[in-house]
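Novice: Sequence and predicted structure, then a few things I'm wondering about:
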Amino acid sequence: MFEIILLLVIAGITGGIGRSLVGFKRGGCIISIVVGFIGAYIGTILAREFNFPDFWSFEIRGISYPIVWSIVGAAVFTAILSLIVPKKD
């Protein structure tokens with residue numbers, strides 16, 4: 001149970017950093033966690049595709065969570081999301 005909570009906290013932090021880099025203000029903590037997990041997926045795919053090294057990752061019971069690539073992927077995902085979602089007045 002502790003590992004799941006720790007992964008949620010890490011995903012929330014990386015998603016929040018990625019969202020703040022792009023300037024996306026909508027949503028809260030749950031959105032940051034979702035963006036963090038999607039960013040980890042996108043960032044890992046980008047890193048593998050371009051043969052980039054894994055700078056810093058966090059491992060819990062054999063599951064590796066790439067911190068740097070999660071932030072990069074979250075920023076990419078949030079940038080695409082901000083183009084799709086209509087702006088509030």
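Specialist: That came in fine, so what should we check first? The structure displayed is predicted, hence computed values, not measured ones.

Novice: I'd like the average pLDDT over the helix or strand hosting Ser70.
Specialist: Assessed by DSSP states H and E, Ser70 sits inside helix 67-84. Helix 67-84 carries an average pLDDT of 86.

Novice: and it, what does it pack onto?
Specialist: helix 2-22, helix 29-49 (3 or more Cβ pairs under 8 Å, 6 or more residues apart in numbering; DSSP states H and E). For glycine as for every other residue, the C-beta is placed from the backbone atoms N, C-alpha and C.

Novice: centroid residue for this protein?
Specialist: By Cα atoms, centre = their mean, the chain has its centre lying nearest to Gly36, at 2.7 Å.

Novice: ok, of the helices and strands packed on helix 67-84, where does mean pLDDT dip lowest?
Specialist: helix 2-22 - the lowest mean pLDDT of the helices and strands packed on helix 67-84, at a mean of 81.

Novice: Can you spell out which helices and strands pack onto that helix?
Specialist: Packing partners of helix 2-22 (3+ Cβ pairs under 8 Å, 6+ apart): helix 29-49, strand 57-60, strand 63-66, helix 67-84.

Novice: Turn those into a markdown table, columns for distance to Gly15.
Specialist: Shown next, in a markdown table, are the helices and strands packed on helix 2-22 (distance: least, Cβ to Cβ, whole Å):
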| stretch | distance to Gly15 |
| --- | --- |
| helix 29-49 | 3 |
| strand 57-60 | 14 |
| strand 63-66 | 12 |
| helix 67-84 | 5 |
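
Novice: quick one: the residue nearest to the centre of the chain from Phe52, how far?
Specialist: According to Cβ to Cβ, to the nearest Å, Gly36 and Phe52 sit 19 Å apart.

Novice: circling back to that earlier point, right, and the helices and strands packed on helix 67-84 - which one's nearest Thr78?
Specialist: For Thr78, the closest of the helices and strands packed on helix 67-84 is helix 2-22, at 4.4 Å, according to Cβ to Cβ.
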